[in-house]
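# structure for the following, please:
(2 chains)
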Amino acid sequence: MSVSTDELKKRAENALDKKAAFGEDLDLSEYKEGASDLPREPSLEKLPDDMQDTLLHSGVIPSEKGREGSFVVLDSSVIASSILGKGFELMDTREALKKHDWLKDYSWKAVQADADKYTASTYLADAPGYYIRALPGQKIKLPVQTCLMVGHDNTAQTIHNIIIVEEGASLEVVTGCTISPHVEKAIHMGISEFYVKKNAKLTFTMIHNWAEQVGVRPRTGIVVEEGGSYVNNYVIMKKVRSVQTYPTARLVGRGAVAQFNTVAVAQPGAELDLGSRAILSAPESKAEIIARSITTGGTVINRGRLTGEAKDIKAHLECRGLILGNNGVNIAIPELEARVPDVEMTHEASLGKIARDQVEYIMSRGLTEDEAVGMIVRGFLEVGIRNIPEELKKEIDRTIAQSELAKG
Amino acid sequence: MLEIKNLTVEVGNRRVLKDISLSVMSGSTSVLFGPNGSGKSTLLATIMGLGNYKVVSGQIILDGKDITDMPIHERAKLGIGLMSQRPPNLVGVQLRTMLQVTGHGRVDPTTLAGTLGMDRFLDRDVNVGFSGGEIKRSELLQLAAQNPCMYLLDEPESGVDLESIEKVGKMIHDLITGGITCAGRREREGKSALVITHTGQILDYIEADRGYVLCNGTISCAGNPRELLREIRAKGYEECVKCRLVRMS
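A predicted model of the protein is given here:
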C-alpha cells in the first residue's frame, strides 16, 4: 500500500546512518551538499574546453550531434536542458513531480527511500535529476544524453532520475557520470527509477568517469512490464576510490526481458563492488547478465543474481575476469535462485590471466607483444557490450591505449 | 632460404626434437612426413618461436640470419608465416580486425575473404565456432594478408571437405608460387614453404622438391617427396624407422 509522504520521510530519517549491504561505509559528514544555484548554460559548447572534453569522455557530445536532447546537472544545479527531437518529455525530476500529479506513483517506488544511508540522504535532499518520458508508441531514434557532474571538491551530489518508456515506445539514454577537471574528492549518490511499459524498450548506457578520491553509490531499480525490454550497459574504466552499485530489474510482465552488460577496469587503489540483479517474476521472462572485468591493481567484485519466480523463464549469467599484474583482486560471485520448477537458469564464471597462446598467435602475425595484449584486452572488454555506440568503442580504445592495459 | 642446423628441442624435460638438420631453398617447397607425435608440429612451432619449446642446441637460420632466439613478431617481420593446425580462439577479436592489422591496412578484408568464400566470417571472432575447414581458410586469409616469404603449413588439408580442398589447395599454390610460372625466376624471387602432410593430398596442388620423414623427433629419411609418400603408403612409418636403424648400424 502506498505510504504517506510524512511516513516515508520519517523512515528515511531513521535510515540516515543505515549501512549499505555491500561496499565500504562512506562517511557522508565529510561532504557538503552541492551548489543549487549555478547558472544555466545557453549551450554545452559554451562550457570551458576542459569541461567539454570531460563530457566527451563520458559519452556526452557537447555539439549534441546525433542526440535527441541533453540534460546536465552540475553539483545540485541543472545547468543545461534541451530537447531537439520529438515524442518525449525531458526535464528536472522536481519540476516533473510538480507538473504531473501522477508521477508520485513512480517516485521512490522502484528504489526504497530507506534502503540505506545513501538513498535516505537523497530522499531528504532536494535532489535534482532527469525525468525522461517517451510517449506511447514513440520510437525515439537517437539517444537522449544526460550528464551528472560534480563540480567542486568535497561535494556530496544527490540525484534522483526517473525514466518512463510508455507502451510500445522505445528510447535510448546515455548517461555520463563524472567530475569536472581538478576536482579530486567527492561523493555521488544517484537514485534511478526506470519503468518500461508493455512492449516498450529502454536501452540505458552509463559511463562512469571519476577520479582517485571519489566515492560513488548509484541505486537503480527497473520495472519491466509485459513484452518490454530493458538493456543496461555500464562502463567504468577510469580511476575512482569506491563504487558500489547493484541495479535490480523486476520483470513483472509475461515475456519481459532484461540484459545487463558490464565492462569494468579496477585501477590501483579502486574498489569496485558491482552487481546486476534480475528478478524474473512473470512467466516466459528472460534475463542475461554479462560482465567483463579487469583489475590492474584494484579490487573488483562482480556480483550477479538471477531469481526465477515464474515458470518458463530463462536466465543466464556470464562473468569473466582478467587479472593483469600482481596486485589486483578479482572476485566473481554469480548466484542463481529458483523458486519454481519450470525454469532454465545457468551461469559461467572464470578468472585468469591472458592466455599465452593467444598472445603468441597474434605475435606470429607480426604484432609486438604489447600490441597483441592490447588487442586481446580490447576484444575481451568489447564482448561485454557488443552493440555499444561507436564513440564509446573509441573511448574504450583510448583508455586501453593510455593505460597500462596494453602492456599486460 | 631456411636452414635448420643440428636442432635439439626440449619441452619440460622431455627431448622432442633431436639433432634435426634440414634446409628449404629459396623458391622451393619441402614436405614433412611422419606419424602422430613424431615432432612435426613442434618443429614448425620452434621455427616460429612459439610456446615452451626450449632450443637446447642447434640453430635456425633464415636467409643467413640466426633467428634461434628471436622474438616471435620479429621472425614474422622477417617473413616467416605459420598456418597452425589448432590455433586458439580469439574471443572479441574479429577476423576483419585480424586481417586489417596483419596486412597493415594494405589489404581489403572483404575482397580477400571473398576469394575463399569467407566474407560472412569477417565479423565473427577469430576461430570461435569455426569448423576445421573454416579454421584452415581463416589461417590462409591471414597468411595472405601477412605475405610472408617462408610458409610453414601444418597439415593444410586436414578437416577440409572435398568441395573446398581444391580452393584451399589452389590458394596455397598461388601464395607459394606468387604467380611466378618460371622455375628459375621462382628460385630467385619466389616464396618457400615447409609443409606438414599426413595424407599427401596437398601434393596434388603444390610442387614439392624435397621430402623429410620425421620419426621420434629425428629425421629418419629424406628424398623425393612423391617417392617417400609412395613408400610410406605401402609400408608405413615403421619401415622408415627400421631403415634408419639399419643405416645407422
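# just the C-alphas of stretch B:39-47, formatted as CSV.
Extracted C-alpha coordinates of stretch B:39-47, given in CSV (Å, rounded to 0.1, in the frame of the first residue of the first chain):
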residue,chain,number,x,y,z
GLY,B,39,57.6,-33.8,-33.6
LYS,B,40,56.4,-32.3,-36.9
SER,B,41,54.2,-29.5,-35.4
THR,B,42,56.9,-28.9,-32.7
LEU,B,43,59.4,-28.2,-35.4
LEU,B,44,57.2,-25.6,-37.1
ALA,B,45,56.3,-24.1,-33.7
THR,B,46,60.0,-23.9,-32.8
ILE,B,47,60.8,-22.2,-36.1
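# that one near chain A at all?
No: on the criterion CB under 8 Å from any CB of the partner chain, stretch B:39-47 is out of touch with chain A, staying 9.1 Å away. All C-beta atoms are positioned from the backbone trio N, CA, C, and that covers glycine.
# what's the answer for stretch B:91-108, then?
Yes: under the criterion of CB under 8 Å from any CB, chain A is reached by stretch B:91-108 at B:Val91, B:Gly92, B:Val93, B:Thr97, B:Met98, B:Val101, B:Thr102.
# and which of those residues is nearest A:Lys197?
Within the residues of stretch B:91-108 next to chain A, proximity to A:Lys197 (CB to CB) peaks at B:Gly92, which comes in at 34.3 Å.
# show the contacting residues for the closest one.
Contact analysis of B:Gly92 by CB atoms under 8 Å, 6 or more residues apart in numbering or on different chains lists A:Ile376, A:Arg378, A:Gly379, A:Phe380, A:Leu381, A:Glu382, A:Val383, B:Asp125.
# and those as a markdown table, adding secondary structure and pLDDT?
Supplementary listing: those in a markdown table, determined by DSSP: H, G, I helix; E, B strand; the rest coil; pLDDT from 0 to 100:
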| residue | secondary structure | pLDDT |
| --- | --- | --- |
| A:Ile376 | helix | 91 |
| A:Arg378 | helix | 85 |
| A:Gly379 | helix | 87 |
| A:Phe380 | helix | 88 |
| A:Leu381 | helix | 85 |
| A:Glu382 | helix | 78 |
| A:Val383 | helix | 71 |
| B:Asp125 | strand | 94 |
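# the residue of chain B found nearest chain A: what secondary structure?
Residue nearest to chain A within chain B: B:Gly92 (2.5 Å; CB to the nearest CB). Following DSSP: H, G, I helix; E, B strand; the rest coil, B:Gly92 is assigned to coil.
# from B:Asp123, how far off is it?
Separation of B:Gly92 from B:Asp123 (CB to CB, to the nearest Å): 12 Å.
# which SS class is the closest residue to A:Leu97 other than its chain neighbours?
Leaving out its chain neighbours, the residue that sits closest to A:Leu97 by CB to CB, 6 or more residues apart in numbering or on different chains is A:Leu103, at 5.3 Å. Following three-state DSSP, the label given to A:Leu103 is helix.
# and residue 64, how many neighbours does it have?
Looking at chain A here, since you left the chain open. 18 (other CB atoms under 10 Å in any protein chain shown).
# my question was about chain B
Neighbour tally, B:Gly64, other CB under 10 Å: 7.
# ok, now which ones touch the closest residue in space to it that isn't next to it in sequence?
Closest residue in space to B:Gly64, ignoring its immediate chain neighbours: B:Met1 at 7.8 Å, by CB to CB, 6+ apart. Counting by CB under 8 Å, 6+ apart, B:Met1 makes contact with B:Ser23, B:Val24, B:Met25, B:Ser26, B:Leu62, B:Asp63, B:Gly64, B:Ser192.
# which one of these sits closest to A:Leu74?
B:Leu62 (61.4 Å).
# hang on, isn't the closest one packed against B:Gly79?
Yes: using CB atoms under 8 Å, B:Leu62 is in contact with B:Gly79, at 7.2 Å.
# which neighbours do those two have in common?
In contact with both B:Leu62 and B:Gly79: B:Met150, using CB under 8 Å, 6+ apart.
# now the helix or strand hosting B:Arg188, how far from the chain's geometric center?
Per DSSP states H and E, B:Arg188 falls inside helix B:183-189. Put simply, helix B:183-189 sits 20 Å off its chain's centre (CA atoms, centre = their mean, to the nearest Å).
# for the closest residue to A:Leu124 other than its chain neighbours, give me its contacts.
Leaving out its chain neighbours, the residue that sits closest to A:Leu124 by CB to CB, 6+ apart is A:Ala12, at 5.3 Å. Counting by CB under 8 Å, 6+ apart, A:Ala12 touches A:Ala113, A:Asp114, A:Thr119, A:Ala120, A:Tyr123, A:Leu124.
# report the separation between the residue of chain B closest to chain A and B:Val126.
9 Å.
# make sure A:Ala21 is indeed in a helix.
No: looking at A:Ala21 with three-state DSSP, it is coil, so not inside a helix.
# so it makes contact with A:Asp116?
Yes: here A:Ala21 reaches A:Asp116: they are 7.3 Å apart, a contact under CB under 8 Å.
# check contacts around the closest residue to A:Ala169 other than its chain neighbours.
Among residues not flanking A:Ala169 along the chain, A:Ala134 sits closest, at 3.9 Å (CB to CB, 6+ apart). Counting by CB under 8 Å, 6+ apart, A:Ala134 touches A:Gly87, A:Phe88, A:Ile140, A:Ile164, A:Val165, A:Glu166, A:Ala169, A:Ser170, A:Leu171, A:Ala200, A:Leu202.
# quick check: the residue lying closest to the second one once chain neighbours are set aside vs chain B, distance?
What that stands for is A:Phe88. For A:Phe88, ignoring the flanking residues on the chain, the nearest one in space by CB to CB, 6+ apart is A:Ala134 at 4.7 Å. As for A:Ala134, its distance to chain B is 31 Å (criterion: CB to the nearest CB, to the nearest Å).
# got it, and A:Glu284?
Taking CB to the nearest CB, one finds A:Glu284 at 28 Å from chain B.
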